[in-house]
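J.: structure here, sequence nowhere to be found:
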């Protein structure tokens, strides 16, 4: 029953747009999906980079939310900046609502001083939403005695919706500290399936800040993101706002190559309380040479409870290729890999 309610609400956001507002999917391993977090990350590692992400949210509710992402980015001298490609697919309610995004990204880097740089990113996205009408259930289909036995009299809408979407972001960083702001859905496109109504996709604002702090005798490298030696601790904070949804994530990573461990707390701001706890997150990752692999688990501590949802599982895989040294030194951002 809980699964039916959640899926119905998701589809109602498109079919009855004045009542429910949609919310973007999210990843727990924020920095393992850098282009999704902030388009200004495109080309920030200079050399070619591939990232693959998978998230299964609340698996006890039978595939309620499953999200895939794949991205590629690198710095390209010919265009004076970073180029990126991001492909995402999000399935809600066993594919009742299926959303596919394909994004092209450009980011420009400006070195303001020997120790401080900023990056500006622009993103254009083509979005396609598909609604499987036959998987929906309505009140007029229910017989008090026998359950769902009737055909609905609701009007079947167009089950495909496509539109363009635009986003932008900025990053600022030095050898130890980094932070950025991303604004998604700048034009707030209409994502409603019904012709008579409209449902603007709410603008999403993401702000993130953190530091990569060496422990003991570990050295800090100004121009290299490689941290194959030494030990680091990385405190981080991430805030997201979309319509009435306000979320705060606070966490810390510890890196002792090749192992990375992390703990996060996620809470939502609301009218009933200043902040309500949503989940606690544990992460473990391995980064060695070209490859990295990470796994995280979200323990649900909200009213839904972890027993009802079975939490959330997330897996990431990445490849950071090597390339020829650049004649002019290129400052890469030193932030967590997950």
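T.: That came in fine, so what should we check first? Computed from a prediction, not measured in an experiment: that's the story for all the values here.
J.: can you list the buried residues in the helix or strand hosting residue 103?
T.: Element membership of residue 103, judged by DSSP states H and E, is strand 97-111. If you call a residue buried by 16 or more other Cβ atoms under 10 Å, then strand 97-111 has these buried ones: 97-101, 103, 105-109. Heads up, the C-betas are built off the backbone N, CA and C, glycines and all.
J.: how much space between residue 190 and residue 200?
T.: According to Cβ to Cβ, to the nearest Å, residue 190 stands 6 Å off from residue 200.
J.: if you could redo that for residue 277, that was the one I meant.
T.: Taking Cβ to Cβ, one finds residue 277 at 30 Å from residue 200.
J.: so for residue 190 and residue 200, which sits in the more crowded spot?
T.: residue 200 (16 against 13; other Cβ atoms under 10 Å).
J.: excluding chain neighbours, what is closest to that one?
T.: Distances taken as Cβ to Cβ, 6 or more residues apart in numbering place residue 188 nearest to residue 200, at 4.4 Å, with adjacent residues excluded.
J.: what's the neighbour count on that neighbour?
T.: 13.
J.: who are the contact partners of it?
T.: Contacts for residue 188 were tallied using Cβ atoms under 8 Å, 6 or more residues apart in numbering; they are 200-203.
J.: before we move on, what about residue 105?
T.: Counted by Cβ under 8 Å, 6+ apart, residue 105 has contacts 35, 39, 42, 73, 82-86, 121-124.
J.: recalculate using a threshold of 10 Å.
T.: Residue 105 makes contacts with 35, 38-43, 71, 73, 81-86, 121-125, 167, 169, as judged by Cβ atoms under 10 Å, 6 or more residues apart in numbering.
J.: tell me who's in contact with the residue lying closest to residue 302 once chain neighbours are set aside.
T.: Counting by Cβ to Cβ, 6+ apart, residue 278 is the residue found nearest to residue 302 once chain neighbours are left out, at 4.9 Å. Contact analysis of residue 278 by Cβ under 10 Å, 6+ apart lists 247-249, 265-268, 298-304.
J.: residue 278 belongs to a strand?
T.: Yes: with DSSP: H, G, I helix; E, B strand; the rest coil as the criterion, residue 278 is part of a strand.
J.: and the pLDDT at it?
T.: Residue 278 carries a pLDDT value of 87.
J.: ok, so what distance separates it from residue 166?
T.: 29 Å.
J.: same check, this time on residue 321
T.: Here residue 321 is placed at a distance of 29 Å from residue 166 (Cβ to Cβ).
J.: then residue 242?
T.: 16 Å.
J.: quick one: which of the two has more around it?
T.: The neighbour comparison of residue 242 against residue 166 (other Cβ under 10 Å) goes to residue 242, with 20 against 17.
J.: which stretches of the stretch 1-150 of the chain form strands?
T.: 49-57, 65-76, 81-92, 97-111, 117-131, 142-143, 147-148 (DSSP state E, counting those that start in this stretch).
J.: right, and the ones you listed - which one's nearest residue 184?
T.: strand 117-131 (8.1 Å; Cβ to Cβ).
J.: what are the buried residues along that closest one?
T.: For strand 117-131, by 16+ other Cβ under 10 Å, it's 117, 119-123, 125, 127, 129-131.
J.: same thing with stretch 299-319?
T.: 300-301, 304, 306, 309-314, 316, 318.
J.: could you do stretch 323-338 as well?
T.: Buried residues in stretch 323-338 (16+ other Cβ under 10 Å): 330-338.
J.: nearest residue to residue 316 in space, please, no chain neighbours.
T.: That would be residue 32: by Cβ to Cβ, 6+ apart, it lies 3.7 Å from residue 316.
J.: cool, thanks, signing off.
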